[in-house]
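Colleague: generate a structure from the sequence data that follows.
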Amino acid sequence: MALRDRLRRLVQKPGSVDLAPFRALVDEAGAREPRITELSDAELTAAASVLREEEDLAELCALGREAARRTLGERPFDVQLIGTLALLAGHVAEMATGEGKTLSGALAAAGHALRGRRVHVMSVNDYLARRDAEWMGPLYELLGVTAAWVGQSSTPDERRAAYRADVTYAPVSEIGFDLLRDRLVTDAGDVVQPEPAVALVDEADSVLVDEAMVPLVLAGAADLDAADPRYADLVRRLRPGLHYATDEEARNVQLTAAGAHEVERVLDLDLYAPEHLRTLTAVNVALHAEVLLHRDVDYIVREGSVKLISESRGRVALLQRWPDGLQAAVEAKEALEASPSGEILDSITVQELIGRYPVRCGMTGTAMAVAEQLTEFYSLQIAVVPPNTPCVRDDEPDRLYATAADKEVALVEEIAAAHAAGRPVLIGTGDVAESERLARRLARAGFDRVVLNAKNDAEEAAIIAEAGAYGAITVSTQMAGRGTDIRLGGSPASAAPASAAPGTASADAAGSDHDRVAEAGGLLVIGTGRYHSSRLDDQLRGRAGRQGDPGGSVFFTSLQDDLVTRYAPDERVKAAGDAEGLVTDKGAHWVVGHAQRVAEGVDLELHRNTWRYNHLIGLQRRELLAERDAVLRGDAADRAMAADAPGRHAELTGIAGADAVAAAARQVVLYQLDRCWAEHLAFLADLREGIHLRSLGRGLDPLIEFNREAVPAGKRLLADARKRSIAAFEALTAPGDGIDLDSAGLTRPSATWTYLVHDNPFGSLDERALRGLITMFKGRRR
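Modeller: You can find the predicted model right below:
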């Protein structure tokens with residue numbers, strides 16, 4: 001980092017982007033509004049096209065505002081245009097829930113496109129990508145900009161067409177998967193993605209921080225990575241404390257001496273003999289799956305398969321799986337058929353994917369809490385955009401209880417009181433199991449409620465749209481990324497959450513319902529406990545009080561909450577509760593906040609450590625990709641084989657012709673480059689795991705030890721691929737007048753598929769090396 005950047009970070013508060021220049025441009029746009037409103041649609045489109053040659057941000061804002069009014073029935077507020085300008089400047093715009101981020105993002109995407117930059121608007125799921133692309137479609141059309149969307153079910157031709165548009169909406173995972181597939185094409189015409197230009201990221205903090213180090217994987221067909229069901233049955237019969245022990249954070253589990261003896265007795269073998277090392281590993285993985293992964297908390301079982309639950313969103317993490325045989329072990333635990341794992345052909349982290357774009361920007365309601373990470377990892381600054389109408393939400397202090405039981409009793413009483421007044425209540429829970437437990441408790445108390453969790457996420461838009469209805473009770477897991485406004489009085493769950501036209505019967509009814517709920521106090525948001533990040537707390541709070549509406553929020557916590565017992569177990573709190581169990585001791589409240597800060601610190605260090613490993617891998621991949629691209633799009637392979645195997649090259653040319661030989665050489669070299677990379681990834685995965693175990697035992701820095709072996713291996717990659725290519729080219733045969741590629745063993749996987757690798761919750765890659773972090777953070781005192 002340059003000295004200037006270091007000094008800037010010392011003297012400048014993160015996120016302190018000066019909004020004054022943006023305000024001046026918005027004022028100028030307002031002054032031009034009378035002229036712009038007189039333009040016909042054709043004249044407006046023509047005026048927008050001029051911006052492709054002449055950059056005029058004030059004109060862009062004026063044209064965009066008028067286009068939105070005509071096509072969407074919504075005139076953007078000044079603050080929405082400030083958000084647009086922040087995005088055009090390459091910042092992250094922090095805008096509160098309900099302030100119109102979708103429209104601000106669309107105007108910014110159009111502005112980038114009119115500058116000649118192709119834009120990828122990255123969403124968190126298919127539903128939002130399609131909804132926003134179709135909702136904003138008329139706006140783009142009037143501005144002379146083309147827009148399209150990509151979803152999980154899109155065909156290659158549909159994807160190729162969508163990426164040709166000026167603006168493409170797509171889930172970040174689909175963009176990553178398309179990139180991985182493009183990296184393995186053997187014909188340049190099969191590439192679907194253009195060169196990256198602008199990444200505009202919705203829910204930026206969730207994507208850029210929470211999911212930054214999630215690897216997106218392209219795998220090829222191979223043997224099933226099935227786990228032996230005997231091991232699942234065996235560990236299920238082991239007794240905690242006697243046969244196995246867990247660490248204080250419940251992040252690791254290991255056999256005791258008695259446990260090892262019991263396993264050896266059942267399997268009739270020496271568990272620690274070298275020839276049974278694989279058995280030892282399989283038993284340990286089965287034990288992890290049985291003891292540390294809990295159904296309806298870490299995963300659900302749906303339609304005969306294991307579905308992981310995103311910790312940051314509380315919804316099913318589509319296409320995600322665990323590494324290191326853990327996925328197969330969980331499937332064996334649940335007596336399910338093993339899902340295919342295959343050989344990893346290539347992978348990329350979300351952070352590396354976003355880093356490919358020369359221009360990066362994003363929008364979210366909670367960016368300031370991760371300002372340091374956004375600056376450190378993406379060189380992004382935050383523009384905090386004020387709300388159009390001041391927020392009047394009443395955020396109450398936490399209510400802390402001595403026990404979880406006391407907390408749940410008080411929680412139900414609070415819900416009952418709010419419901420009696422007709423006030424809608426949204427309850428945010430920590431996991432699926434808690435949401436269903438609370439729902440059952442409310443049902444026993446006679447309350448109608450709607451449950452939104454990872455088991456019914458397909459219905460989430462309709463459920464959330466009605467959460468603001470009079471007297472509604474909605475129980476939900478973590479709300480990040482839901483993407484649907486909660487309007488007081490409720491609203492139809494339409495594809496585009498647009499308001500009804502003023503003066504219509506539906507608008508009058510909506511206004512009446514709104515007023516009724518507002519008089520009751522507005523939406524009350526209740527958290528059943530602090531999340532591992534204060535940012536997630538803020539996301540939940542932000543569901544109430546949209547656009548100046550009344551509302552409130554409160555978190556119910558206890559000293560038995562998982563956050564406290566996991567991240568501050570050594571804090572001895574002797575605070576007693578009152579008759580209802582309510583704790584008012586300041587020291588006890590400090591412990592809850594301290595535990596959350598510890599969790600945030602650990603997450604940040606894990607991010608940094610994982611990035612250090614992936615940075616080297618990314619550099620090696622970049623070098624190989626440059627070579628691969630030269631082979632794919634040119635005659636580099638043909639020239640190389642003519643130089644390295646001149647005799648065979650001349651012989652094959654005489655039989656099949658120069659064009660056929662050049663095509664065969666290209667396929668040979670591409671295949672060997674791809675094989676070498678897949679094998680290199682497997683080597684690095686094994687190296688990284690082994691290095692940690694060796695380094696921890698010797699007090700060495702695992703990153704240094706990793707680089708000591710990974711760097712030379714990476715330098716050998718291209719040379720190894722070249723040697724293999726020569727051997728394979730020499731082995732080519734030319735029966736008749738063609739060249740037989742199979743004769744050189746160029747057999748690619750018969751099938752490929754994509755998925756995301758969920759972070760191993762037991763830290764097989766990094767966390768074991770950072771085991772002391774929690775202890776370090778715990779040691780910090782007031």
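Colleague: tell me which stretches of the stretch 201-350 of the chain form strands.
Modeller: With DSSP state E, counting those that start in this stretch as the criterion, the stretch 201-350 of the chain has strands at 215-220, 244-246, 253-255, 299-302, 305-308, 320-321, 343-349.
Colleague: including mean pLDDT, mean neighbour count and distance to Ala439, could those strands go into CSV?
Modeller: C-beta: built from backbone N, CA, C; applies to glycine. What follows is the strands of the stretch 201-350 of the chain, written out as CSV (pLDDT from 0 to 100; neighbours: other CB atoms under 10 Å; distance: least, CB to CB, whole Å):
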stretch, mean pLDDT, mean neighbour count, distance to Ala439
strand 215-220, 85, 22, 34
strand 244-246, 87, 17, 29
strand 253-255, 84, 18, 30
strand 299-302, 85, 18, 15
strand 305-308, 81, 19, 20
strand 320-321, 67, 22, 25
strand 343-349, 89, 21, 36
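Colleague: nearest to Gly90, of the ones you listed?
Modeller: strand 343-349 (21.3 Å; CB to CB).
Colleague: give me the contact list for that closest one.
Modeller: 176, 179-180, 183-184, 212-220, 222, 614, 674, 677-678, 681-682, 685, 749, 752, 757 (CB atoms under 8 Å, 6 or more residues apart in numbering).
Colleague: let's go with 7 Å and repeat that
Modeller: Residues from elsewhere that reach strand 343-349 (CB atoms under 7 Å, 6 or more residues apart in numbering): 176, 179-180, 183-184, 212-220, 222, 614, 674, 677-678, 681-682, 752.
Colleague: with stretch 69-86 instead?
Modeller: Applying CB under 7 Å, 6+ apart, the set of residues contacting stretch 69-86 is 17, 19, 22-23, 25-26, 29, 57, 61, 65, 68, 93, 95, 99-101, 103-104, 107-108, 111, 138-139, 142, 363, 383, 385-388, 498, 501.
Colleague: of these, buried ones?
Modeller: 17, 19, 22, 25-26, 29, 57, 61, 65, 68, 93, 95, 99-101, 103-104, 107-108, 111, 139, 142, 363, 383, 385, 387-388 (16 or more other CB atoms under 10 Å).
Colleague: number of nearby residues for Leu200?
Modeller: 25 (other CB atoms under 10 Å).
Colleague: okay, it and His91: tell me how far apart.
Modeller: 11 Å (CB to CB, to the nearest Å).
Colleague: then Ile726?
Modeller: 51 Å.
Colleague: which one of these two has more residues nearby?
Modeller: Set Ile726 next to His91 and count neighbours by other CB under 10 Å: His91 wins out with 25 against 19.
Colleague: please name the residues that touch that one.
Modeller: Going by CB under 7 Å, 6+ apart, the list of residues near His91 reads Val17, Cys361, Leu380, Gln381, Ile382, Ala383.
Colleague: need phi/psi at the first one.
Modeller: To tie it back to what came earlier, the one meant is Val17. With angles defined as degrees, to the nearest 10, Val17 sits at phi -70, psi 130.
Colleague: same check, this time on the last one
Modeller: In this entry, Ala383 is assigned phi and psi values of phi -110, psi 110 (degrees, to the nearest 10).
Colleague: which helix or strand contains the closest residue to it other than its chain neighbours?
Modeller: Excluding its sequence neighbours, the residue lying closest to Ala383 (CB to CB, 6 or more residues apart in numbering) is Ala86, at 3.6 Å. In the assignment (DSSP states H and E), Ala86 maps to helix 78-88.
Colleague: how far out from the middle of the chain is the helix or strand that that helix is followed by?
Modeller: The element immediately downstream of helix 78-88 (helix or strand, assigned by DSSP H and E) is strand 92-94. In this view, strand 92-94 has its centroid 17 Å away from the chain centroid, taken as CA atoms, centre = their mean, to the nearest Å.
Colleague: also stretch 41-61?
Modeller: Worked out by CA atoms, centre = their mean, stretch 41-61 lies 35 Å from the chain centre.
Colleague: hey, C-alpha coordinates of that stretch in PDB?
Modeller: Only the C-alpha atoms of stretch 41-61 are listed here, as PDB (Å, rounded to 0.1, in the frame of the first residue of the first chain):
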ATOM      1  CA  ASP A  41     -40.000  10.100 -25.700                       C
ATOM      2  CA  ALA A  42     -38.000  10.000 -28.900                       C
ATOM      3  CA  GLU A  43     -36.300  13.300 -28.100                       C
ATOM      4  CA  LEU A  44     -35.500  12.000 -24.600                       C
ATOM      5  CA  THR A  45     -33.900   8.900 -26.000                       C
ATOM      6  CA  ALA A  46     -31.900  10.900 -28.500                       C
ATOM      7  CA  ALA A  47     -30.700  13.200 -25.700                       C
ATOM      8  CA  ALA A  48     -29.600  10.200 -23.700                       C
ATOM      9  CA  SER A  49     -27.600   8.900 -26.700                       C
ATOM     10  CA  VAL A  50     -25.600  12.100 -26.700                       C
ATOM     11  CA  LEU A  51     -24.200  11.200 -23.300                       C
ATOM     12  CA  ARG A  52     -22.300   8.400 -25.100                       C
ATOM     13  CA  GLU A  53     -20.000  11.100 -26.500                       C
ATOM     14  CA  GLU A  54     -20.400  13.800 -23.900                       C
ATOM     15  CA  GLU A  55     -20.300  13.100 -20.200                       C
ATOM     16  CA  ASP A  56     -22.800  15.300 -18.400                       C
ATOM     17  CA  LEU A  57     -23.800  13.900 -15.100                       C
ATOM     18  CA  ALA A  58     -26.400  16.600 -14.300                       C
ATOM     19  CA  GLU A  59     -28.100  15.900 -17.700                       C
ATOM     20  CA  LEU A  60     -28.000  12.100 -17.000                       C
ATOM     21  CA  CYS A  61     -29.800  12.700 -13.700                       C
END
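Colleague: can you list contacts of it?
Modeller: 25-26, 28-29, 32, 39, 63, 66-67, 81, 84-85, 88, 111, 114-116, 142-144.
Colleague: for that stretch, buried residues please.
Modeller: Buried, per 16+ other CB under 10 Å, within stretch 41-61: Leu44, Thr45, Ala47, Ala48, Leu51, Asp56, Leu57, Ala58, Glu59, Leu60, Cys61.
Colleague: and the last one, that one's in a strand?
Modeller: No - the assignment for Cys61, made by DSSP: H, G, I helix; E, B strand; the rest coil, is helix rather than a strand.
Colleague: ok, it to Ala31 distance?
Modeller: Taking CB to CB, one finds Cys61 at 11 Å from Ala31.
Colleague: what ranges do the helices span in the stretch 1-150 of the chain?
Modeller: 3-11, 20-37, 41-50, 57-72, 78-88, 101-114, 126-142 (DSSP state H, counting those that start in this stretch).
Colleague: name the residues of the last one that are buried.
Modeller: Which is helix 126-142. 126-133, 135-137, 139-140, 142.
Colleague: can you give me the helices in the stretch 451-600 of the chain?
Modeller: So, for the stretch 451-600 of the chain - with DSSP H, counting those that start in this stretch - the helices run 460-465, 505-519, 534-541, 562-567, 586-633.
Colleague: low-confidence ranges, the stretch 1-150 of the chain, go.
Modeller: 1-15 (pLDDT under 70).
Colleague: again, 90 this time
Modeller: Where the stretch 1-150 of the chain drops to pLDDT under 90, the residues are 1-16, 52-55, 97-98, 124-128.
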